[in-house]
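Trainee: Generate a structure from the sequence data that follows.
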Amino acid sequence: MFAIERRHAILDYIKEKKSVTVKELSKKFFIGEATIRRDLEKIEKEKNISRTYGGAVLIEGAHIEVSLAVRETNLKSEKEIIAKLACKKIKNGDIIIMDSSSTAMMMINKFEKNDDLTVITNGAKTAVNLAEQTRFKIFATGGQMRENTLTYYGESANVFIKKFNADILFFSCSSLSMDKGIADPNEEEAKLKRLMIESSEKSILLIDHTKFNSTAFCKIGCIDIVDMVITDKKPNDGWIKHFIENEIELVYP
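Mentor: Numbers count the residues shown, from 1 in each chain. You can find the predicted model right below:
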């Protein structure tokens, strides 16, 4: 197991247990305690855990952002399903906006590479992957970068997005609630996503089933600000009714 894979496994274990000791992790992963401490130090820098004397605890709360490195490996098969369905909504020649989410980034491997697309994104890694894997015309917002998520944000990014008119926006969020709407942990990123919606003819929310019925710190908007929701499995009848009432197209496998 590579070090980064081990750290992902350690984080998954902490998410399950909520709190752990160094000795417990050492026994579970057959690694020396000194190595475990170094792993916990790196995981703590991503603001997912807080180290304690002799161990670590999971940081929980509506304001917590999970790092991109963790999100890329979490629920990967579910995100692959969503990405495949999302790419079917694109027509050759479209101008699309993609946010910096790991779910949107999954779409890159599903694109028809010969299509003539223009892609605007606030994701630094998204822009690089697009440049490496496609011949699309790519625009990156620039702005201040959040190291934890490799996301451009702030006034420079906001001004950049306002310059364009896109056909489709593909974006994700941290939570979806019938009462609280669509939300993210970070205020600046929530603001940028609202501007992305305003700049797009059609807005498509990409969201896996685990984010339903949850709440994050900053509201992006009510559910009726989007035109379509793509998810990895059929929601319950209450959610289906909610989407119908708000005239939102629902797509699932």
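Trainee: Which residue ranges make up the domains of this structure?
Mentor: Following automatic domain parsing, one finds the domains of the chain at 3-60, 75-251.
Trainee: Buried deepest among the ones you listed, which one?
Mentor: Comparing the domains of the chain by mean neighbour count (mean count of other Cβ atoms under 10 Å), domain 75-251 ranks first with a mean of 18. Using the backbone N, CA and C atoms, a C-beta is placed for each residue, glycine as well.
Trainee: Confidence-wise, which of the domains of the chain is weakest overall?
Mentor: The minimum mean pLDDT among the domains of the chain belongs to domain 3-60 (a mean of 85).
Trainee: Compile the domains of the chain into a markdown table and extend it with columns for distance to residue 68.
Mentor: A markdown table is the format used below for these (distance: least, Cβ to Cβ, whole Å):
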| stretch | distance to residue 68 |
| --- | --- |
| domain 3-60 | 9 |
| domain 75-251 | 5 |
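Trainee: can you give me the strands for the stretch 101-250 of the chain?
Mentor: 118-121, 137-140, 144-146, 151-153, 166-171, 175-177, 181-184, 200-206, 218-221, 228-230, 249-251 (DSSP state E, counting those that start in this stretch).
Trainee: Nearest to residue 19, out of these?
Mentor: strand 175-177 (23.5 Å; Cβ to Cβ).
Trainee: How far off centre is the strand or helix carrying residue 6?
Mentor: Secondary structure assigned from DSSP states H and E places residue 6 in helix 3-17. Computed by Cα atoms, centre = their mean, to the nearest Å, the chain-centroid distance of helix 3-17 equals 19 Å.
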